[in-house]
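Q: I'll drop the sequence and a predicted model, then ask my questions.
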Amino acid sequence: MELELTHTFDTTPEQLWEVLLNPHLMAACVPGMQSVEVLSDTEYRATIKVKIAFINAKFDIYTHITETEPPKRLRCEAKGEDNSVGSAVESVAEMTLNKIDHGQTELRVTTKTTIFGRLGTLGLNPMRTKAKSMWKQFCTELAAVLAGEKTVEAPSPSDAKQPPEKVGKIDVQSATDGAATASRPPSEPDTESRGILGRLRRKWSGGENETHLEFRQGDAVIVLHCPASQTQTCLDWLDQQLARQQSAQ
């Protein structure tokens, strides 16, 4: 399946490029995205849920950025599978950013995708319809981020230059209340709690280089691993996500 999708944003190519290269901002914009893990500057692992026709799938997707020409062009390859529905996907995508008049930028995405297994038997029409629907939602969310109407605070791509074992992993699942266990490293002073994660911020686990936090409600779990130096930034981001979910309920 081959697709070409375009959308015009009220921003410069440089500003749009910065967002596109931030995996946490992108994850907040992609419909159905459940989690994102930064493996390196050019490699990511993500979990995404999609429903096409009568089939619900949850793909574990590995993405590798193979070419970049900042702030004009990006090429990436992705592959993933969901064994529960016996399906797999492979995709090659190229993004181009074209500066146009009045401070706007056109984002053009061309993709070539191959779908195997049960989902592949549905045919091209349902796939195209779903892809276009997800693209529309993605552009709406991305425009909100660019306009400052949607804020997502998380480690920026520059933080991903640390060794992979120190790079933050954020799993985002539905939760609005819960409890955390473990203890704060003695080297870190207590801080005043606030927000939905207030009580969680009193309790920590991890060593000098990494912080670990689990947030539970029933079967839903949020697991946060991040460099110690980015702990507060990660928690502020998570606080905002939970606040959005709570207000939407």
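A: Received it, and whenever you're ready, just let me know what you need.
Q: contacts and neighbour counts: CA atoms only from here.
A: OK.
Q: for the protein, which helix is longest?
A: For the chain, the helix with the greatest residue count under DSSP state H is helix 124-146.
Q: in that one, what counts as buried?
A: For helix 124-146, the neighbour count (16 or more other C-alpha atoms under 10 Å) marks 127, 130, 134-136, 138-139, 141-143, 145-146 as buried.
Q: Show me what that helix is packed up against.
A: strand 2-9, helix 13-20, helix 23-29, strand 43-52 (3 or more C-alpha pairs under 8 Å, 6 or more residues apart in numbering; DSSP states H and E).
Q: Nearest to Val36 among those would be which one?
A: Val36 sits nearest to strand 43-52 of all the helices and strands packed on helix 124-146, at 4.3 Å, using C-alpha to C-alpha.
Q: Any regions of the protein where pLDDT drops low?
A: By pLDDT under 70, the weakly predicted segments of the chain are 151-232, 234-236, 239-249.
Q: need the strands for it, in chain order.
A: Secondary structure of the chain (DSSP state E): strands at 2-9, 33-38, 43-52, 55-69, 73-82, 87-100, 104-117, 169-171, 210-217, 220-227.
Q: can I get the ones you listed in a markdown table with distance to Val19 and mean neighbour count?
A: Putting the strands of the chain into a markdown table (distance: least, C-alpha to C-alpha, whole Å; neighbours: other C-alpha atoms under 10 Å) gives the following:
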| stretch | distance to Val19 | mean neighbour count |
| --- | --- | --- |
| strand 2-9 | 12 | 15 |
| strand 33-38 | 15 | 22 |
| strand 43-52 | 15 | 17 |
| strand 55-69 | 14 | 17 |
| strand 73-82 | 13 | 19 |
| strand 87-100 | 12 | 19 |
| strand 104-117 | 12 | 17 |
| strand 169-171 | 17 | 21 |
| strand 210-217 | 25 | 18 |
| strand 220-227 | 20 | 19 |
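Q: quick check: angle from the longest helix of the chain to strand 2-9?
A: Per axes from the mean of the first three to the mean of the last three C-alpha atoms, to 10 degrees, the angle that helix 124-146 makes with strand 2-9 is 20 degrees.
Q: Could you number the chain from 11 rather than 1 from now on?
A: Okay, using 11 as the starting number, the last item reads as helix 134-156.
Q: ok, and what's touching helix 134-156?
A: Helix 134-156 has contacts (C-alpha atoms under 8 Å, 6 or more residues apart in numbering) with 11, 13, 15, 17, 19-21, 25-26, 29, 35-36, 38-41, 62-63, 160-162.
Q: Can I get the buried part of those residues as one ChimeraX selection?
A: Applied in ChimeraX, the following selects the buried portion of the contacts of helix 134-156 according to 16+ other C-alpha under 10 Å:
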select :19,20,21,26,29,35,36,38,39,40,41,160,162
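Q: Run through the bridge partners of the spatially closest residue to Lys109 that is not a sequence neighbour.
A: Nearest non-adjacent residue to Lys109, counting by C-alpha to C-alpha, 6 or more residues apart in numbering: Thr115, 4.6 Å away. On the basis of DSSP bridges, Thr115 is bridged to Phe19, Lys109.
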